[in-house]
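1. What follows is a predicted structure for the sequence shown.
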Amino acid sequence: MAVLLQIKDAYKCYGEQVLLDGADATLTDDVKVGFVGRNGAGKSTLLRILLGEEELDRGEISRHPKLQLGYLRQHDPFLPGETAHEFLIRDSGQPEWKCGEVAGQFEIKGAYLDGPLAKLSGGWQTRVKLAALLLHEPNLLLLDEPTNFLDLRTQILLEHFLRNYKEACLIVSHDRAFLNATCSHTLDLSRGKLTAYPGKIDEFLEYQRERREHDERSNAAVLAKRRHLEDFIARNKARASTATRAKSKSKQLERLEVTAVAGNEPTARIRAPLVDPRQGPALRCKDLAIGYPERQVASEIDLEIDHGSRAAIVGDNGQGKTTFLRTVVDSLAPLAGEVRWGFGCQIGIYAQHVYTSLPEKWTVMEYLEATAARGTKTQEILDQAGALLFRGDHVEKPVSVLSGGERARLCLAGLLLSQHNVLVLDEPGNHLDVDTVEALAEALIEYRGTVIFTSHDRHFMKRVATCIVEVRDGHVTNYRGQYDAYLYAVNREIEEGEREMATRMSQAPADLRNSRNSAPKAARRNEREIRKELSNVERTVARLDQEKKQALARMLETTDADEALRLHNESESLGAQLTAAEDRWCQLQEELAES
């Protein structure tokens, strides 16, 4: 076991904000470590320090002479128009054959390898970035929120890769399920201190809780003993007959010490809207078809969601989860059929287009006071604001200076202060840390209304969902079962696919030799036809991409909420058309590779 990195007595401050305060930690070559901490605790700053992009104010970072770091960044390091193969060669400096070999480990081939990277989904781009890391042959991988916006299947594929990866990893993530599946150790950054724990994230959180409770019980006993001794001394120190005993008790009192218990981080205590429970169907879809004028996403949807349910909308990226949500909340007109909400349903919506149109001149407090249910006390509003990380002077910030993540949290806080008895939530856990996501889950479990939501966080889904609605292959199905059963089915599909792929790969050399010996004449004729259609599709992709960018740019510039919503819907429609054109482009590339 070799020590790859050692952090000694590290200090780092930004003005009055202390991120590292005498922090110490050691990373060895045989462990995968989950790196956790509150938002703003300094995790990303520490990663930049380890990479040499920032320096400590004081302290030391010791590196093994043979340390090779690989860093998976949240941003994309690709050049305009670059293919996956070109990026891998440029980024790694490895020969072409080596790049192709490593890309094959992630099933990156054909159009996915030789087509424009910009046309690939986020999941496929993550695979490309991981292949690039491996080409650098690192012995320590630094992964910064690697599951952001990945669908369930791609998350599980990434887990399979990391479990089989033989080198060390330091993984920053708020996804407890992902950390439990990939990391054997935990590193926590809290109040400037690093705490290493030789166990998974769930075990660490349980250890933290038990340790705090033990220390608090011990301190309570010590304080009770102190009060008893102080009372005895006060009653007896002035009397000659008992003065000696009082003096002895004073020495005992001096020896009594309490265990230092670090002050708890501010705990998120989120309150869901207080509503009366209702019976019967909350949402009913009959013969519903969803999508866009030029492309249908799903049809023949007959679906009921009962009052009191917490329905998780699941499915791969691009299958239509957001389209379904937008249709049921009347943000997108159905292509056919009908959507009916139950009598008395008051629907609250949390989605991107909502928090892009917040009133710019209002402060955080003014917005929350305006959206809170009538009669909500000021302290309740402040408590909810604090739970969503608006504490102290932050409640006086104007909306105009808030980041995208802050606006999202503000919108969620306002929604939770309302009296809606139906909540439709699109990725509510984004921009929240582990503890706040857990607090939100607890609030939704106690909520007596109906919740319809999407999330990429499996721990959150498992905690909250009472039924699973899958959007897949043009259909929407309510499984009315637990999330674990759905997760098991997806895992089984992936494992069967991996076994099938391994079998095909083992047979590939013979198949390739046979294909090289076959007559090429007919293939050349087909190739011309394929290339002609490919050229047309490429022009369509370029046009739709430009139109989508223009719509998004206009949406960011406008101050009219209705116009912003219209432009958002327009960009969504263009995005759907773009996805269809890109899918066709990939199909043609595969045909071209086989011709």
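-> Sure thing, it's come through.
2. dump the residue contacts of Val434.
-> For Val434, the contact set (C-beta atoms under 8 Å, 6 or more residues apart in numbering) comprises 36, 174, 176, 201. From N, CA and C alone the C-beta is placed, and that goes for glycine too.
3. ok, so what distance separates it from Leu194?
-> Using C-beta to C-beta, to the nearest Å, Val434 is found at 16 Å from Leu194.
4. same thing with Pro428?
-> Per C-beta to C-beta, Pro428 is found 30 Å from Leu194.
5. ditto for Ile290
-> For Ile290, the distance to Leu194 (C-beta to C-beta) stands at 48 Å.
6. Kindly report the same for Arg278.
-> To Leu194, Arg278 is 48 Å away according to C-beta to C-beta.
7. can you check Ala289 too?
-> For Ala289, the distance to Leu194 equals 54 Å [C-beta to C-beta].
8. show me where the stretch 51-200 of the chain has helices.
-> Along the stretch 51-200 of the chain, the stretches classed as helices by DSSP state H, counting those that start in this stretch are 84-92, 96-105, 111-114, 122-135, 152-164, 176-182.
9. which residues sit against the last one?
-> Contacts with helix 176-182, where a contact means C-beta under 8 Å, 6+ apart, come from 32, 34, 36, 146-147, 155, 159, 162-163, 169, 171, 173, 186, 200-202, 434, 457-459, 462.
10. Apply 6 Å and report the result again.
-> With contact meaning C-beta atoms under 6 Å, 6 or more residues apart in numbering, helix 176-182 is reached by 32, 34, 147, 159, 162, 173, 200-202, 458-459.
11. coming back round to it: who has more neighbours, Ile290 and Leu194?
-> Taking neighbours as other C-beta atoms under 10 Å, Ile290 and Leu194 compare with Ile290 leading, 27 against 21.
12. would you say the more buried one is within a strand?
-> Yes - per DSSP: H, G, I helix; E, B strand; the rest coil, Ile290 lies within a strand segment.
13. and it, what does it touch?
-> 297-298, 323-324, 327, 334.
14. can these go into CSV with extra columns for secondary structure, distance to Asp316 and pLDDT?
-> Listed next are those as CSV, based on DSSP: H, G, I helix; E, B strand; the rest coil; distance: C-beta to C-beta, whole Å; pLDDT from 0 to 100:
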residue, secondary structure, distance to Asp316, pLDDT
Val297, strand, 13, 90
Ala298, strand, 13, 91
Thr323, helix, 13, 89
Phe324, helix, 13, 92
Thr327, helix, 18, 93
Pro334, coil, 22, 94
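15. for those residues, which one is nearest Ala238?
-> Closest to Ala238 out of the contacts of Ile290 is Phe324 (80.1 Å), distances taken as C-beta to C-beta.
16. isn't the closest one right next to Val471, touching?
-> Yes - using C-beta atoms under 6 Å, Phe324 is in contact with Val471, at 5.5 Å.
17. pLDDT below threshold where in the stretch 151-300 of the chain?
-> Across the stretch 151-300 of the chain, the ranges flagged by pLDDT under 70 are 258-268.
18. redo that, cut-off 90
-> By pLDDT under 90, the weakly predicted segments of the stretch 151-300 of the chain are 151-167, 173-177, 190-192, 202, 205-274, 293-295.
19. Tell me, please, the helix or strand in the protein that averages the lowest pLDDT.
-> Within the chain, no helix or strand scores below helix 483-517, which has a mean of 61 by mean pLDDT, DSSP states H and E.
20. Buried residues, the helix or strand following it. List them.
-> For helix 483-517, the following helix or strand on the C-terminal side (DSSP states H and E) is helix 521-557. Buried residues in helix 521-557, counted by 16 or more other C-beta atoms under 10 Å: 530, 534, 537-538, 540-541, 544-545, 547-548, 551-552, 555.
21. And stretch 320-329, by the same measure?
-> Buried, per 16+ other C-beta under 10 Å, within stretch 320-329: 320-329.
22. what's in contact with that stretch?
-> With contacts defined as C-beta under 6 Å, 6+ apart, stretch 320-329 is touched by 290, 297-298, 313, 315, 332, 334, 339, 349, 424, 426, 454, 471.
23. re earlier: now the contacts of helix 176-182: which count as buried?
-> Buried among the contacts of helix 176-182 (16+ other C-beta under 10 Å): 32, 34, 147, 159, 162, 173, 200-201, 458-459.
24. From the residues you listed, which land in strands?
-> Taking DSSP state E, the ones among the buried ones among the contacts of helix 176-182 that sit in strands are 32, 34.
25. Let me know the closest of the buried ones among the contacts of helix 176-182 to Asp76.
-> Comparing the buried ones among the contacts of helix 176-182 against Asp76 with C-beta to C-beta picks out Thr147 as the nearest, at 16.0 Å.
26. Show the backbone phi and psi for that closest one.
-> phi -90, psi 0 (degrees, to the nearest 10).
27. Test my guess that it contacts His174.
-> No - if you go by C-beta under 6 Å, Thr147 and His174 don't touch, sitting 8.9 Å apart.
28. Can you classify Thr477 by secondary structure?
-> Going by three-state DSSP: Thr477 is strand.
29. Could you report the separation of the residue sitting nearest the centre point of the chain from Ala131?
-> When C-alpha atoms, centre = their mean is applied to the chain, the residue found nearest the centroid is Asn148 (4.4 Å). Distance check for Asn148 against Ala131: by C-beta to C-beta, it reads 18 Å.
30. what do you get for Arg463?
-> Using C-beta to C-beta, one gets 34 Å for the distance from Arg463 to Ala131.
31. same check, this time on Leu412
-> Distance, Leu412 to Ala131, using C-beta to C-beta: 36 Å.
32. quick one: which of these two has more around it?
-> Neighbour totals were compared for Leu412 and Ala131, and Leu412 leads with 27 against 24 (other C-beta under 10 Å).
33. Could you look up the SS state of the more buried one?
-> What three-state DSSP gives for Leu412 is helix.
34. What score does it have for pLDDT?
-> We note a pLDDT of 87 for Leu412 in this prediction.
35. go on, Leu325?
-> Looking at Leu325, the pLDDT reads 91.
36. Next one: it relative to Ala576, how far apart?
-> Distance of Leu325 to Ala576, given as C-beta to C-beta: 14 Å.
37. swap in Gln384?
-> The gap separating Gln384 from Ala576 is 36 Å, by C-beta to C-beta.
38. and stretch 295-307, how far out from the chain's middle?
-> Its chain's C-alpha centre and that of stretch 295-307 lie 26 Å apart, by C-alpha atoms, centre = their mean, to the nearest Å.
39. whoops, I mixed them up, stretch 4-13
-> The answer for stretch 4-13 is 27 Å, by C-alpha atoms, centre = their mean.
40. State the mean pLDDT of that stretch.
-> Mean pLDDT, computed over stretch 4-13, is 93.
41. got a list of contacts for it?
-> 19-20, 22-27, 29, 56-64, 67, 140.
42. From those residues, list the buried ones, please.
-> Neighbour counting by 16+ other C-beta under 10 Å classes 19-20, 23, 25, 27, 29, 56, 59, 64, 67, 140 among those as buried.
43. Out of those residues, which comes closest to Met1?
-> Comparing the buried ones among the contacts of stretch 4-13 against Met1 with C-beta to C-beta picks out Asp29 as the nearest, at 6.6 Å.
44. Local confidence estimate at that closest one?
-> Asp29 is assigned 87 on the pLDDT scale.
45. isn't it right next to Leu170, touching?
-> No - Asp29 is beyond contact range of Leu170, at 11.9 Å (criterion: C-beta under 6 Å).
46. With that, I have no additional questions.
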